[in-house]
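got a sequence here, can you build the structure:
(2 chains)
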Protein chains: 2
Amino acid sequence: MREEATAFVPGHITGFFSAHPADDPTMAGSRGAGLTLTDGVTVTVEPVAEEASESIVILDGEMIEIEPVDIVLETLDVVARVEAESDLPLGAGFGISGAMALGTALAANRVFGCKLSRNELVTIAHGAEVQAGTGLGDVVAQDCGGIPIRLEPGGPQENKLDAIPARARVEYVSFGELSTADVLAGDTDQLTAAGKEALSRVVEEPTLLSFMYASRLFAREAELLTEEVAHTIGDVTDVNGQASMAMLGETVFALGTGLSDAGYEPSVCATHPAGALLR
Amino acid sequence: MREEATAFVPGHITGFFSAHPADDPTMAGSRGAGLTLTDGVTVTVEPVAEEASESIVILDGEMIEIEPVDIVLETLDVVARVEAESDLPLGAGFGISGAMALGTALAANRVFGCKLSRNELVTIAHGAEVQAGTGLGDVVAQDCGGIPIRLEPGGPQENKLDAIPARARVEYVSFGELSTADVLAGDTDQLTAAGKEALSRVVEEPTLLSFMYASRLFAREAELLTEEVAHTIGDVTDVNGQASMAMLGETVFALGTGLSDAGYEPSVCATHPAGALLR
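Coordinates of the predicted model:
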């Protein structure tokens, strides 16, 4: 057994999606597209002392309960101390829970010598997210890196992925949280119709510009825009920038210098060329 | 149209493989596993002057003909100057032709605004390699990054990939070239049987150690070992290191400090966490 292992998982902003529930959490998931980010989560896993019977999860120095992480540890049948540091706010649409779950799976596999394959670990983390209701597509996107297009839902055994072959500087501002679980628990028919239309558009023209256009249309048609988000996207459009809303959070992201040009003071990162990786 | 675009494609050492020919080059390919490397090929594509009617390909400062690159440019219907710089020797089992083909596809798509998806570009590069007879599995591995396991052959629409969730320092020494085309043109029955057995082993235990063990067994059973390669692998084994032969080249690769410990002066790199990427 190693003393510890560390994984970095990129953040993931979903631009648009459609929800595809299923009884088997490894078959459930979402279609859609998004940006993985150089801002992400660094997860370190180490075994806990033998007398301790419970795992501990720490995010940015504070004990926290993140259900998908607990499920991953239970599935791997290990008791661990999981310490994560995040560049990104929780609950604001950056896929933090997915990143925590996937990073825990990759690092725990290494520490405890579980001898599982990458697909098996991604399947466990994806299934844990779905089961907890915290996300549907972040984990498989974060495994992939770049600008993934999720053509078919589910874990790696079920899904089909493509990607937009591009990279970009990304700016973002967050105004607060939205509960993914609440939105997904509501009526998702309109959202799913809008998500399918957005996906057709991006499949037809897999470029960054068409992704941003499809994302804005989706946010409007799915009626997920808050007032502050709509206002900010408008400000970026006014200076000829490209911005949309992170699904699901009260967060606006823009390509290049869109938000700076509009007078905001955004966080700045870029698309991440790789999927989750062991450090 | 952009002035130029640059892509980096990791080198790829195949540890073992089985050949799976098919009439459609996008369905043909190989099963197997290998290491993608931080040593790789940087490919810059720019449009040529309008009066020029032919593409130019340059590798490390010298004009060269690489058939898969020509096929990629023809398929994209563009005339370009392709300038590549490689950290790795050509013909020695590092997937240089695949890297050139994939890097050309990614960079040309960007320069000429072809608006193709990542899978489409990988399919074109993979098909070009197969058609030229220069490789069967490098391109899809180089698209993936890490330590890919090729479970099912073919381009991204057809294949199935997994990966060993690990990373490693990698050392290598090259003694010369082996022609992939010659080996693949010969009788590959024994090779394919050995490749399938090696794959079962790695699927059962997807770890670096089992990959190295399966690769050594494959090299012996497929009768591809040259005297110098066999001798060098033996030297590394004598100091408790892990080494095998790059398929297909007169190259020995080792994990960690295997070759240094055995008294060689190897090139040193590491597994590459990401697939091919635009710079």
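
and the residue lying closest to A:Cys144 once chain neighbours are set aside, backbone torsions?
When the adjacent residues along the chain are set aside, A:Cys144 lies closest to A:Gly275, with 5.0 Å between them (C-beta to C-beta, 6 or more residues apart in numbering or on different chains). Placement of C-beta: from N, CA and C, glycine included. For A:Gly275, the backbone dihedrals (degrees, to the nearest 10) come out as phi -80, psi -170.

then A:Glu67?
Recorded main-chain torsions at A:Glu67 are phi -50, psi -50, according to degrees, to the nearest 10.

same deal with A:Met63?
A:Met63 has phi and psi values of phi -60, psi 140 when expressed as degrees, to the nearest 10.

cool, and A:Glu177?
With angles defined as degrees, to the nearest 10, A:Glu177 sits at phi -100, psi 150.

nearest residue to it in space, please, no chain neighbours.
Among residues not flanking A:Glu177 along the chain, A:Gly91 sits closest, at 3.6 Å (C-beta to C-beta, 6+ apart).

picking up where we left off before, show me what contacts the residue nearest to A:Cys144?
If you count contacts by C-beta atoms under 8 Å, 6 or more residues apart in numbering or on different chains, A:Gly275 has them with A:10, A:36, A:142-146, B:145, B:274.

same question for A:Ala101.
The contact partners of A:Ala101, taken as C-beta under 8 Å, 6+ apart, are A:66, A:68-69, A:71-72, A:125, A:128-129, A:139.

any idea whether it is helix, strand or coil?
A:Ala101 carries the three-state label helix when classified by DSSP: H, G, I helix; E, B strand; the rest coil.

now do it, the pLDDT please.
On the pLDDT scale, A:Ala101 is placed at 98.

mind checking how far it is from A:Ser18?
Here the distance between A:Ala101 and A:Ser18 works out to 22 Å (C-beta to C-beta, to the nearest Å).

can you check A:Arg201 too?
The span separating A:Arg201 from A:Ser18 equals 13 Å under the rule C-beta to C-beta.

tell me which of these two has more neighbours.
The neighbour count for A:Arg201 versus A:Ser18, taken as other C-beta atoms under 10 Å in any protein chain shown, is higher for A:Ser18 (24 against 19).

residue contacts, the closest residue to the more buried one other than its chain neighbours?
The spatial neighbour of A:Ser18 that comes closest, neighbours along the chain excluded (C-beta to C-beta, 6+ apart), is A:Gly195 at 3.1 Å. By C-beta under 8 Å, 6+ apart, the contact set of A:Gly195 is A:16-19, A:30-32, A:218, A:222.

and these, which two are the farthest apart?
Within the contacts of A:Gly195, two members stand farthest from each other by C-beta to C-beta: A:Arg31 and A:Ala222, at 13.5 Å.

quick check, the residue in chain A closest to chain B?
With C-beta to the nearest C-beta, the shortest gap between chain A and chain B falls at A:Ala274, namely 3.1 Å.

get me the contact residues on the stretch 101-250 of chain A for chain B.
For the stretch 101-250 of chain A, the contact set with chain B under C-beta under 8 Å from any C-beta of the partner chain comprises A:106, A:109-110, A:115-119, A:121, A:145-146, A:149, A:156, A:162-167, A:203, A:205-207.

now find how far off-centre the lengthiest strand in chain A is within its chain.
In chain A, ranked by residue count with DSSP state E as the criterion, the top strand is strand A:29-47. Strand A:29-47 has its average C-alpha position 5 Å from the chain's average C-alpha position, going by C-alpha atoms, centre = their mean, to the nearest Å.

ditto for stretch A:188-196
On the basis of C-alpha atoms, centre = their mean, stretch A:188-196 is displaced by 19 Å from the centre of the chain it belongs to.

now do the buried residues in that stretch.
Under the neighbour-count criterion of 16 or more other C-beta atoms under 10 Å in any protein chain shown, stretch A:188-196 has A:188, A:191-192, A:194-196 buried.

can you check stretch A:271-279 too?
For stretch A:271-279, burial by neighbour count (16+ other C-beta under 10 Å) applies to A:271-278.

ditto for stretch A:219-230
Going by neighbour count (16+ other C-beta under 10 Å), the buried part of stretch A:219-230 is A:219, A:221-222, A:224-225, A:229.

cool, and stretch A:64-74?
Here stretch A:64-74 shows A:66-73 as buried, counting by 16+ other C-beta under 10 Å.

touching chain B at all, it?
No: with C-beta under 8 Å from any C-beta as the measure, stretch A:64-74 is seen stopping short of chain B, the closest distance being 13.6 Å.

just the C-alphas of that stretch, formatted as PDB.
Provided in PDB are the C-alpha atoms of stretch A:64-74 (Å, rounded to 0.1, in the frame of the first residue of the first chain):
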ATOM      1  CA  ILE A  64     -17.400  18.200   4.300                       C
ATOM      2  CA  GLU A  65     -19.900  15.500   3.300                       C
ATOM      3  CA  ILE A  66     -19.900  14.800  -0.500                       C
ATOM      4  CA  GLU A  67     -22.200  11.800  -1.100                       C
ATOM      5  CA  PRO A  68     -20.600  10.700  -4.400                       C
ATOM      6  CA  VAL A  69     -17.200  10.500  -2.700                       C
ATOM      7  CA  ASP A  70     -18.600   8.300   0.100                       C
ATOM      8  CA  ILE A  71     -20.200   6.100  -2.500                       C
ATOM      9  CA  VAL A  72     -16.900   5.700  -4.400                       C
ATOM     10  CA  LEU A  73     -15.000   4.800  -1.200                       C
ATOM     11  CA  GLU A  74     -17.700   2.300  -0.200                       C
END
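
would you mind checking the average pLDDT for that stretch?
Mean pLDDT, stretch A:64-74: 97.

doesn't A:Thr237 belong to a helix?
Yes: secondary structure assignment (three-state DSSP) places A:Thr237 inside a helix.

so for it, what's the pLDDT?
We note a pLDDT of 97 for A:Thr237 in this prediction.

with A:Glu51 instead?
Note on A:Glu51: pLDDT of 68.

phi first, then psi, for A:Val130.
Recorded main-chain torsions at A:Val130 are phi -60, psi -50, according to degrees, to the nearest 10.

nearest residue to it other than its sequence neighbours?
The spatially closest residue to A:Val130, leaving aside those adjacent along the chain, is A:Pro25, at 4.0 Å (C-beta to C-beta, 6+ apart).

please report how far that neighbour lies from A:Ala125.
With distances taken as C-beta to C-beta, A:Pro25 is found 11 Å from A:Ala125.

and the two? which has more neighbours close in?
A:Ala125 (33 against 21).

the more buried one touches A:Ala141, doesn't it?
No: counting by C-beta atoms under 8 Å, no contact exists between A:Ala125 and A:Ala141, whose distance comes to 11.7 Å.

just the C-alphas of the host helix or strand of A:Pro10, formatted as CSV.
A:Pro10 is located in strand A:5-20, with elements delineated by DSSP states H and E. Extracted as CSV, the C-alpha positions of strand A:5-20 are listed here (Å, rounded to 0.1, in the frame of the first residue of the first chain):
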residue,chain,number,x,y,z
ALA,A,5,-1.7,9.4,-4.1
THR,A,6,-2.9,12.6,-5.7
ALA,A,7,-5.0,13.2,-8.7
PHE,A,8,-5.9,16.4,-10.5
VAL,A,9,-9.4,16.6,-12.1
PRO,A,10,-10.2,19.6,-14.4
GLY,A,11,-13.3,21.6,-13.6
HIS,A,12,-16.2,21.2,-16.2
ILE,A,13,-18.7,23.8,-17.3
THR,A,14,-21.7,22.3,-19.1
GLY,A,15,-23.0,24.6,-21.8
PHE,A,16,-26.1,22.6,-22.6
PHE,A,17,-27.5,19.1,-21.8
SER,A,18,-30.4,16.8,-21.9
ALA,A,19,-31.1,14.4,-19.0
HIS,A,20,-31.4,10.7,-19.6
